[in-house]
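Enquirer: Sequence and predicted structure are below.
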Amino acid sequence: LGNLAVGEEVANLAAKVHRFNFLALSHRLFGDTCPLVSLSCFQTPQRIPYDEAVQQEFRPAAVGDAFGPTWWTCWFKVELSIPREWAGKEVHLLWDSDGEAMVWRDSQPVQGLTREGEKTSYILTDSLMETDPHNLNLYMEVACNGLFGAGKGTMIAPPDPDKKFTLNKVELVVFNRDVHELLVDFEILLDMAKHLGEKNQRSFQALYTANQMVNLCDVTDPSTFPAAHQLASAFFSQRNGESQHTIHAMGHCHIDSAWLWPYEESIRKCARSWVTVVRLMEKNPGFTFTCSQAQQLEWVRNWYPGLYAQIQDFARKGQFIPVGGTWVEMDGNLPNGESMVRQFLQGQRFFQEQFGKLCTEFWLPDTFGYSAQLPQLMRGCGIWRFLTQKLSWSLVNTFPHHTFFWEGIDGSSVLAHFPPGDSYGMQGFVEEMLKTVNNNKDKGRVNHSVALFGFGDGGGGPTQKMLDRMKRMKDVDGLPRVQMSTPDQFFSVLERDGSQLYTWIGELFLELHNGTYTTQAQIKKSNRECERILHDVEVLSSLALAQKSAFPYPATKLQRLWRLLLLNQFHDVLPGTCIQLVAEDAMTYYEEIRAMGTLLLKEAVQSLIGKLLPTGSETAESTVIMNTLPWERTEVISRTRPTGADTLVNFFASISFSPRPLTSPAPVACVESLDGSITMENGVIAAHLDSMGHVTSLHLVSSGRESVPEGSCANQFVIFDDIPLYWDAWDVMDYHLETRKPVTTLVKPLEIILPGGLRGSVRFSLQISEKSIITQEVILDAMCPYLRFLTQVEWNEAHKFLKVEFPVQARSMNATYEIQFGHLQRPTHWNTSWDWARFEVWSHKWMDLSEHGFGVALLNDSKYGASVHGNTMSLSLLRAPKSPDTTADMGHHQFTYAVMPHLGSFQEAGVIRYAYCLNFPLHTMPADSVQCPAWSAFCVSSPAVVLETVKQAEDRPGVLVARLYESHGSTVVTWLQTCLPVKEAITCDLLEQADPTGHLPLKELGVELSFTPFQVISVLLVLG
């Protein structure tokens, strides 16, 4: 070798070690083998419990048999006899099949097996003893799906319903642990040689150590193995210096609660993954594992109580660590503020009840962006630490930090960490540990980071080999220190040493997956609707409880409904990135919320005003109206008269009963011109629509201020080609904007439906394509400051994106978008790559573009995708992706949006309240003619403060929670007034824990509350 160049010498040595390791030694991992005594099976399309499965009739089975199809379950009965001559040997059952398997022994789940998760053997004994059972019966429950479902051709393709699964190999084997240890030694040494690089002395030391080990080893003589292993141990015992970076390794198994597989399969994924973790903990006392999502733990508690008891035991030992504090790892953008509060409330209460402590860290590694209101919500729920890594997926800009303080729109701050390895599913490779150090954006300010290891997304979790890799890297010269750790240990170090960390203010926007704001529109509409239903049930049930202390507040039923809603807010369900089976399950859950919510509303109404409701078949002569919003409203409603004809009335009310009719100062007028265009006016606004439904003029009557630029058309439907690079349901690429095509084919020209009075409306239809059509009714009500668009679409497209545009006569560098409990601004220009990356953003009930003194708002009842570029406001309506669900968004859709021009700021014009009114329609019901005075339960003196929620406190009958937030972005003092019999008022956190210093004086004007911008305040109201 002396005459060879150094580079060639190194290459030859590396090849020599590699050949020995993978061509000679690896074949010695398993020793003697023994066939099974017998193997039999039965198949079922259902996921049935073990006790039921073992009662079925099993038929003979053999290696090579195919089973399935997709989503079925094949149960195998395994009869085995371990040879007694294997005494002292480590014995495994080798099981290599397609699908995901669970090993059952003595009626309990004991091991998850899957080739994709590198788990293909079950350890029967570490060292066979004479007293060990030699004859065993095991059951293998094999799910006919993989870790990532059963996509046809690609991972995210729709599932192949006819896929078959094969049993490839099954036998008893002797496992040679000494060979396994040597294989790991060689792997770490070779990877150090490769990834440290030829300029690093330690790289050569690793390679030459491996070469010496090869020279010592004779693969046919295991007695040579200890000396080789001792060489490796000596190398790994050479320690680091004091300044070396420390990696806090934690076992992790991200399990999507539903994604490319249905909810029911996730239950089994949890069990398969976590029972494997328990087995690893039994053999590795220092191994720690983090586990989020209370829902998944609740599943295992209900379906696998024996396993759950083991989990609780290891939790008490500090190895199995519940994290996150939420019911599921929810989407970080689309749930409303109260839903996010309930994620934490349900999650934290579960962790407290089941594990005796609250989580201190929010754990959301795989969500498609993070609302700027989250820091305040975390803080209010006892959490001040945050971990994710998803922003590493951003397509345009690289986020500048891995460890930093994250500050929300209210000023609340949490300590945030993004693992620099940019993964939540590492495998303990040298390359991953080096990336964790080298990729760290905060070198010098922090010397600690996290590495989460274990197969994830579809479950699987850590393996023994991963643990063995990291044991060798615990403190070896040339690599960062790798120590098993816990979230608390890691964040405690950051808190101690984090004085130099930077602060990021505002949202954490993922520059990818922008299509998730629009995909699966029916799921998103149902989410918004069910959020409203649960809000209304809680408000009216609370009023019923306050009126009659004997009213049975439906706490248990509401908890069930909330948990269903929260489950559907999982980050692959609400965003619409799931398979058809999941979408169907989600719609079933929404229907349960609707049905039960409607029943609970009726029960609350019956308790509140039962004496006013018709008791028999007599005809009602009046109408009772219930308003669940905390302010007075002037609206037009439809009320049925005894003649059967609809009559429009105008009324004025707050959270109250019975309308107070008003006379409109200016009736609505709809006037058609000779060219087919129509003018609609109500004394507040006037709109001119051409025959295709375009709004060519929209002005304020009092000032004459025009909203639509001359020569432009608002309410312009546009369609785009929508072909992402890969993530079909997830992504909208910026290049789709180059394919803009206005929808111009008129089917039915504009015509008057209601000519005026208290309500005027016009209707038209447009053809999108041969398969899709839009029918829209444009509605203007008396005294209403906005024009409403009731839209119905028959949508049968492929890879198209439908939007509606409103060019407006207002100029601003920023537009305002509603988020949870507040709003934020985003640029209307593309000056920088950070601006341009926000070509498609998310919003909730409204967005606004204002210049000084004037602006235009767009309101909606079920949409989230939006953009404002220049002076054009755009609302995203429908997409048509084909993966992972070919049927996504196909069919009939109905939704409403509205345009509201206004003088002054959107705060002064009441945009926020009008958006609430659009989303929270009044409840009307027939009543007897008995007169009942209007009754207002709550009033908030400041228009800046919204009373968002009224509910019964958890586990505290007779106590209500009122949750309010400051919506304008201002510092304000307000009075919360109520006519309910309140005897005590105390501020509390979002977990409803009373503030010891939070007693509020009850005064004649009510309770006085002081708010800073976007602050959320909760008050316990103790009823007398």
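Expert: Ah, there it is. Residues are numbered from 1 along each chain as shown.
Enquirer: does M587 really touch K524, like I thought?
Expert: No: with contact defined as C-beta atoms under 8 Å, M587 does not reach K524; the gap is 11.7 Å. In this view, the C-beta of every residue, glycine as well, is placed from N, C-alpha and C.
Enquirer: which of those two has more neighbours?
Expert: Between M587 and K524, counting by other C-beta atoms under 10 Å, K524 is the more crowded of the two (22 against 15).
Enquirer: Tell me the spacing between that one and W86.
Expert: Applying C-beta to C-beta, to the nearest Å, the value for K524 to W86 is 59 Å.
Enquirer: For the stretch 1-150 of the chain, which residues score under the pLDDT cut-off?
Expert: Applying pLDDT under 70 to the stretch 1-150 of the chain flags the ranges 1-7.
Enquirer: Tell me which stretches of it form strands.
Expert: 30-34, 38-44, 59-60, 66-67, 73-81, 90-97, 100-105, 108-113, 121-125, 135-143 (DSSP state E, counting those that start in this stretch).
Enquirer: Which of those has the highest mean neighbour count?
Expert: strand 100-105 (a mean of 23; mean count of other C-beta atoms under 10 Å).
Enquirer: quick one on the thing from earlier: so can I have CSV of the strands of the stretch 1-150 of the chain showing distance to N919?
Expert: Below are the strands of the stretch 1-150 of the chain laid out as CSV (distance: least, C-beta to C-beta, whole Å):
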stretch, distance to N919
strand 30-34, 63
strand 38-44, 44
strand 59-60, 57
strand 66-67, 49
strand 73-81, 43
strand 90-97, 50
strand 100-105, 42
strand 108-113, 44
strand 121-125, 53
strand 135-143, 41
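Enquirer: Quick check: closest non-adjacent residue to A62.
Expert: The shortest distance from A62 to any non-neighbouring residue, by C-beta to C-beta, 6 or more residues apart in numbering, is to L39 (6.6 Å).
Enquirer: My error: substitute Y590 in the last question.
Expert: In space, and not counting its chain neighbours, Y590 is closest to S526: 3.9 Å by C-beta to C-beta, 6+ apart.
Enquirer: tally of neighbours for the one you found?
Expert: By other C-beta under 10 Å, neighbour count at S526 equals 23.
Enquirer: Could you break this protein into its assigned domains?
Expert: 8-29+179-223, 243-512, 516-610, 668-919, 936-1023 (the TED database).
Enquirer: Can I get those in a markdown table including distance to C144?
Expert: Shown next, in a markdown table, are those (distance: least, C-beta to C-beta, whole Å):
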| stretch | distance to C144 |
| --- | --- |
| domain 8-29+179-223 | 29 |
| domain 243-512 | 10 |
| domain 516-610 | 13 |
| domain 668-919 | 17 |
| domain 936-1023 | 41 |
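Enquirer: and D106, which of the ones you listed is closest to it?
Expert: With respect to D106, and counting by C-beta to C-beta, the nearest of the domains of the chain is domain 243-512 at 9.9 Å.
Enquirer: Next, give phi and psi for the residue lying closest to G369 once chain neighbours are set aside.
Expert: Closest residue to G369 apart from its sequence neighbours, by C-beta to C-beta, 6+ apart: L510 at 4.1 Å. Per-residue torsions, L510: phi -80, psi 120 (degrees, to the nearest 10).
Enquirer: Let me see the contact set for L510.
Expert: L510 makes contacts with F368, G369, Y370, K390, L391, W393, S394, as judged by C-beta atoms under 8 Å, 6 or more residues apart in numbering.
Enquirer: Looking at neighbours, which among the residues you listed is most surrounded?
Expert: Result: G369 is most packed of the contacts of L510 (other C-beta under 10 Å), 26 neighbours.
Enquirer: E432 touches A451, doesn't it?
Expert: Yes: counting by C-beta under 8 Å, E432 touches A451, with 6.8 Å between them.
Enquirer: And E805, how far from F453?
Expert: Distance from E805 to F453, by C-beta to C-beta: 47 Å.
Enquirer: So which of those two has more stuff around it?
Expert: Between E805 and F453, F453 has the larger neighbour count (other C-beta under 10 Å), namely 28 against 20.
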